[in-house]
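Enquirer: my questions are about this predicted structure, shown below with the sequence.
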Amino acid sequence: MTQTLADQTALTTHEQAPNLKSAGHVIVDTLVAHGVKRAHVVPGESFLDVLDGLYDSEIETVVCRHEGGASYMAEADGKMHQLPGIAMVTRGPGAANAHVGLHTSWQDSTPMVLFVGLIPFAHRDREAFQEFDIKAWFDSGAKRVMVLDHAERASEIVAEAMFAAMSGRPGPVVVGLPEDVIREQISSELHPPIPVAAGGMTTTDAAALSDALAASKKPLFVTGGNDWTQECADRLTGWLEKHHIPAAAEWRTEGTVPFDSPSYVGPIGYGRPRPTYDLLEETDLLVFVGTVPGDVITDGFVCRQDWNKKNFLVTIDPSLRGRSGPVSYQIVAKPEVFIRDLAKINLPVKDEWTKWTAKMRAEQESFAALPPATPSSGQARMDTLMANLVPTLPRDAMITLGAGEHTNWAHRYFPTQRYASMISARNGSMGYSVPSAIAASLEYPGRRVVTIAGDGEFLMNGQELATAAQYGATPLVIVMDNQEYGTIRSHQEKHYPHRVSGTQLKNPEFALMAQAFGGFGIKVQHDSEIPAAIDAALQAIDHDKVFALIHLVVEQRVKAY
């Protein structure tokens, strides 16, 4: 007897017909087949069948306290490896709250898939509870927006979403899941993963780059983006060091070329040290790998705009979205395959390259030299904290950052020695620090994960410390409390001097909040208290296996540089 769709739908998950599963369970099975290890979730009744599918799966379900935190964790997960990070939220308000992580994913070129539960198909366009137009909301800020209107396409839609998030310039994809459609019974056969093209250097590309390097006296590589592996980062570092060629890091992507490499000459971005700013104009050949010279790198489309300048852009995105200034040559390739082919280019080392690199490296070493570790007799200082913390860090330590002037201490002093040892929001999004630190600690439980949060930024997603406690994440959270939105105050003083408005804060006891969430918390007001506070925090992480928070109360208007 032929089984009707209604008969199939009536089957429970424990009474399914052979070779049939609900679409929600097939979605989970497809994610497993793609290698997904973790899903960041704020539950909703609109996608209960997917949650049920996660019940018996090997995917860890990380239940978050706010959709913004969940989407940030998923975005950070996508930064740590080339597989998309996964977030799941409900319709309407849940989708709205998750939007901030999508914007971060879009501007930072991070692979991410956001699953959004939707109203039943039959209720559409009737102003149902929490109804919204998913395509109208997300079309301008996602690579693709897809809705599972036909249950039998569940596995195909997931495979397409994963592919779209990773292919070309990586970014976010949104998948809508009507709650009645995902309960329908369908074939359990899975759509296989779709291969992602990586491009590569042609012989013509290699010849053009070789000729440009041979003609250059002051070449400079700039690394950026999230489309790297540790192997290709190591290979690029070896090639640069062999040829005595310098490399700078795109803003908030430090670590691709290690902090202590003789070829590393510092970060380029907002608040960058003057030597690396000058690099953009002084170099006679810029080679961007994994990124393009956009708004931040060019200081608002001002630097490196002379059409006679020579820029080679290595990116898998043929559209060069976000590019500013001249393009001398484009190589369509992901970093891994480009560097595989770059390693075959062997050029004689020029004296000019050696002197140029040594000069810029010396300036970077001077800039990054730690301040005195001996505390002063006054109020707590971030300089003293960094001077005492950095020597304790293992070589694989990680730093995560949100947005604000507090991040500049990490840019200056934190020893990023590996790819993805700095996880940050390059779109300037606040509230990213704590969720990203939790994601990093869950992904790498054996590594030291540090996050530096501003006092204003911390309260945007600090509640996710409850998630850290629930799942055993153990980051070190440093809250720099200067009782203001410091970056905005700086702009305010520049444009409206002595008219402080809308930037001052009155803060809670952050250390007590950490204790209430189940972690270690300590408040530091005096510089002399810093060494003992660091020791106690690290002791709590290493021996008590809990997260730790240092509430550092500092003076206003003190900057890293």
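Expert: Yep, it's here.
Enquirer: thought Pro415 was touching Val390?
Expert: Yes. With contacts counted by C-beta atoms under 8 Å, Pro415 reaches Val390, the gap being 6.3 Å. All C-beta atoms are positioned from the backbone trio N, CA, C, and that covers glycine.
Enquirer: looking at the two, which one has more neighbours?
Expert: Pro415 (19 against 16; other C-beta atoms under 10 Å).
Enquirer: now the more buried one: how far from Val450?
Expert: 11 Å (C-beta to C-beta, to the nearest Å).
Enquirer: where do the contact lists of those two overlap?
Expert: Leu393, Ala397 (C-beta atoms under 8 Å, 6 or more residues apart in numbering).
Enquirer: quick one, helices of the stretch 351-500 of the chain?
Expert: 351-368, 382-389, 408-413, 433-443, 455-461, 465-471, 486-495 (DSSP state H, counting those that start in this stretch).
Enquirer: quick check: Lys242 is in a strand.
Expert: No. Assessed with DSSP: H, G, I helix; E, B strand; the rest coil, Lys242 is helix; it does not lie in a strand.
Enquirer: run through the stretch 101-250 of the chain and note the low-pLDDT ranges.
Expert: Within the stretch 101-250 of the chain, no range satisfies pLDDT under 70.
Enquirer: what ranges does it have for its helices?
Expert: 134-138, 154-166, 203-215, 230-243.
Enquirer: deepest-packed of these, please.
Expert: By mean neighbour count, with neighbours taken as mean count of other C-beta atoms under 10 Å, helix 154-166 ranks first of the helices of the stretch 101-250 of the chain at a mean of 24.
Enquirer: which residues sit against that one?
Expert: 23-24, 26-27, 29-31, 34, 78, 82-84, 111-113, 143-144, 146, 148, 171-173, 175, 182, 186, 189-194, 196.
Enquirer: mind giving me the PyMOL command for buried ones among those residues?
Expert: Burial among the contacts of helix 154-166 is assessed by 16 or more other C-beta atoms under 10 Å; the matching PyMOL selection reads:
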select buried, resi 23+24+26+27+29+30+31+34+78+82+83+84+111+112+113+143+144+146+148+171+172+173+175+182+186+190+191+196
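Enquirer: as TSV, the helices of the stretch 101-250 of the chain with distance to Leu285 would be great.
Expert: Below are these laid out as TSV (distance: least, C-beta to C-beta, whole Å):
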stretch	distance to Leu285
helix 134-138	40
helix 154-166	30
helix 203-215	6
helix 230-243	13
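Enquirer: out of those helices, which is closest to Glu250?
Expert: helix 230-243 (13.4 Å; C-beta to C-beta).
Enquirer: still on that earlier bit, mean pLDDT lowest for which of the helices of the stretch 351-500 of the chain?
Expert: Among these, helix 486-495 carries the lowest mean pLDDT, a mean of 84.
Enquirer: give the buried residues for that helix.
Expert: Neighbour count says helix 486-495 has Gly486, Thr487, Arg489, Ser490, Gln492 buried, by 16+ other C-beta under 10 Å.
Enquirer: relative to Ser377, which of the residues you listed is nearest.
Expert: Nearest to Ser377 among the buried residues of helix 486-495: Gly486, at 24.1 Å, using C-beta to C-beta.
Enquirer: list the contacts of the closest residue to that closest one other than its chain neighbours.
Expert: Spatial nearest neighbour of Gly486, excluding adjacent residues (C-beta to C-beta, 6 or more residues apart in numbering): Glu405 at 4.2 Å. Glu405 makes contacts with Gly271, Gly454, Gly486, Thr487, Ser490, Lys559, Ala560, as judged by C-beta under 8 Å, 6+ apart.
Enquirer: the helix or strand containing Pro267 - what's its average pLDDT?
Expert: Counting by DSSP states H and E, the element that carries Pro267 is strand 264-268. Average pLDDT, strand 264-268: 93.
Enquirer: can we start the residue count at 9 from this point?
Expert: I'll keep to 9 as the first residue from here, and by that count the last item is strand 272-276.
Enquirer: nearest to Gly246 among the buried residues of helix 494-503?
Expert: Thr495 (37.1 Å).
Enquirer: got a list of what that closest one touches?
Expert: Ala411, Gly412, Glu413.
Enquirer: same deal with Lys567?
Expert: Counted by C-beta under 8 Å, 6+ apart, Lys567 has contacts Glu413, Asn416.
Enquirer: how near is it to Gly277?
Expert: In terms of C-beta to C-beta, Lys567 sits 15 Å off from Gly277.
Enquirer: what of Met394?
Expert: Following C-beta to C-beta, the distance that separates Met394 from Gly277 is 19 Å.
Enquirer: again with Ser336
Expert: Separation of Ser336 from Gly277 (C-beta to C-beta): 23 Å.
Enquirer: and these two? Which one has more around it.
Expert: Neighbour count, other C-beta under 10 Å: between Ser336 and Gly277, Gly277 has more, with 21 against 16.
Enquirer: test my guess that that one contacts Arg260.
Expert: Yes. Under the criterion of C-beta under 8 Å, Gly277 is in contact with Arg260, at a separation of 6.5 Å.
Enquirer: which neighbours do the two share?
Expert: His419, Arg434.
Enquirer: quick one on the thing from earlier: widest-spaced pair of the contacts of Glu413?
Expert: Farthest-apart pair in these is Gly279 and Gly462; separation 13.8 Å (C-beta to C-beta).
Enquirer: higher neighbour count, those two?
Expert: Neighbours of Gly279 and Gly462, each counted by other C-beta under 10 Å, are more numerous for Gly462; the result is 26 against 17.
Enquirer: what's near enough to touch the more buried one?
Expert: Gly462 neighbours (C-beta under 8 Å, 6+ apart): Gly410, Ala411, Gly412, Glu413, His414, Met438, Val487, Met488, Asn490, Tyr493, Gly494.
Enquirer: weed out the non-buried ones from these.
Expert: By 16+ other C-beta under 10 Å, these give Gly410, Ala411, Gly412, Glu413, His414, Met438, Val487, Met488, Asn490, Tyr493, Gly494 as buried.
Enquirer: next, the first one: phi, psi?
Expert: When you say that, I think you mean Gly410. Backbone geometry at Gly410, expressed as degrees, to the nearest 10, gives phi -100, psi -120.
Enquirer: who wins for proximity to Tyr63 among the helices of the stretch 109-258 of the chain?
Expert: helix 162-174 (17.3 Å).
Enquirer: off-centre distance for that closest one?
Expert: Its chain's average C-alpha position is 21 Å from that of helix 162-174, according to C-alpha atoms, centre = their mean, to the nearest Å.
Enquirer: cool, stretch 306-318 as well?
Expert: Centroid separation for stretch 306-318 versus its chain: 26 Å, with C-alpha atoms, centre = their mean.
Enquirer: measure Trp364 to Tyr479 for me?
Expert: For Trp364 relative to Tyr479 (C-beta to C-beta), the value is 48 Å.
Enquirer: more neighbours: which of the two?
Expert: Comparing Trp364 with Tyr479 by other C-beta under 10 Å, the one with more neighbours is Trp364, at 24 against 17.
Enquirer: from memory that one sits against Pro254, does it?
Expert: Yes. Applying C-beta under 8 Å as the test, Trp364 and Pro254 come out as touching, 6.9 Å apart.
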